[in-house]
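*Asks:* Okay, here's the prediction I keep looking at, along with the sequence it came from:
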Amino acid sequence: MPEVPDVPDVPETAEVPYDELRWAVVLGAVGQLGEQPAGHGRVLSGVAIDFPADSSADAPAVLAPDLAVLAPDAVRGGRGRFVAAGVEAVLELARPGLAEAARAYACSGVPLYVVVDPAAAVCTVHTAPSPEGVYREAERVPFGNDLFLPLAGRTVVLRTDEFPTPRPAP
């Protein structure tokens with residue numbers, strides 16, 4: 001029988017790769033949304049959506065949020081993509097460059113924008129978007145607490161207790 005080589009232990013300082021964190025959060029959230037009767041509409045991940053251009057841009061912004069909740073009456077625009085007017089909520093994993101996307105979501109009037117930050121083990125729920133491209137209200141919710149997300153006349157609850165962090169559990 002051939003000898004099996006030793007597999008080195010993963011050092012405690014090893015980081016969980018970003019894509020693994022992102023997919024764990026997205027798949028966990030999608031599963032929870034599907035379990036709730038209030039979770040109607042379409043839930044998309046990584047699908048291009050057209051957001052109106054701000055005054056300094058030549059063309060609409062095309063963004064593919066980690067997770068987007070669309071209203072049941074969301075429509076596709078002329079280019080075949082969904083348009084911002086049908087987006088009820090966006091959930092993104094924290095990463096560099098997210099500020100530009102946040103501005104596009106706020107300018108477009110996306111009513112709910114959630115940033116999940118595994119490194120800080122916290123979610124920030126942004127509400128009250130302004131046409132100037134900022135969200136006027138934000139609530140930080142540590143992992144382990146439920147997120148109560150108001151969506152078009154209903155509230156969806158996401159449990160965060162199983163959201164991953166960059167450090168694997170011992």
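*Replies:* Cool, got the structure.

*Asks:* what's the offset of stretch 87-99 from the middle of its chain?
*Replies:* The chain centre lies 5 Å from the centre of stretch 87-99; the measure is C-alpha atoms, centre = their mean, to the nearest Å.

*Asks:* what do you get for stretch 24-39?
*Replies:* Distance, centroid of stretch 24-39 to centroid of chain: 12 Å (C-alpha atoms, centre = their mean).

*Asks:* Just the buried positions in it, please.
*Replies:* Buried residues in stretch 24-39, defined by neighbour count with 16 or more other C-beta atoms under 10 Å: 24-26, 28-30, 32-33, 39. (C-beta placed from N, C-alpha, C; glycine too.)

*Asks:* Equivalent analysis for stretch 101-116, please.
*Replies:* Judged by neighbour count (16+ other C-beta under 10 Å), stretch 101-116 contains these buried residues: 101-108, 110-116.

*Asks:* out of those residues, who's nearest Thr160?
*Replies:* Comparing the buried residues of stretch 101-116 against Thr160 with C-beta to C-beta places Val116 closest, at 8.0 Å.

*Asks:* State the mean pLDDT of the helix or strand where that closest one lies.
*Replies:* If you go by DSSP states H and E, Val116 is part of strand 112-117. This predicted structure assigns strand 112-117 an average pLDDT of 96.

*Asks:* and it, how far out from the chain's middle?
*Replies:* 6 Å.

*Asks:* Pairing partners for the helix or strand following that strand, with directions?
*Replies:* Remark: after strand 112-117, the chain's next helix or strand is strand 122-129, criterion DSSP H and E. With DSSP bridges as the test, strand 122-129 is paired with strand 112-117 (antiparallel), strand 135-142 (antiparallel).

*Asks:* Any chance of a markdown table for these, columns distance to Phe51?
*Replies:* Below are the strands paired with strand 122-129 laid out as a markdown table (distance: least, C-beta to C-beta, whole Å):
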| stretch | distance to Phe51 |
| --- | --- |
| strand 112-117 | 12 |
| strand 135-142 | 15 |
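
*Asks:* Please name whichever of these is nearest to Asp73.
*Replies:* Of all the strands paired with strand 122-129, it is strand 112-117 that lies closest to Asp73, at 17.1 Å by C-beta to C-beta.
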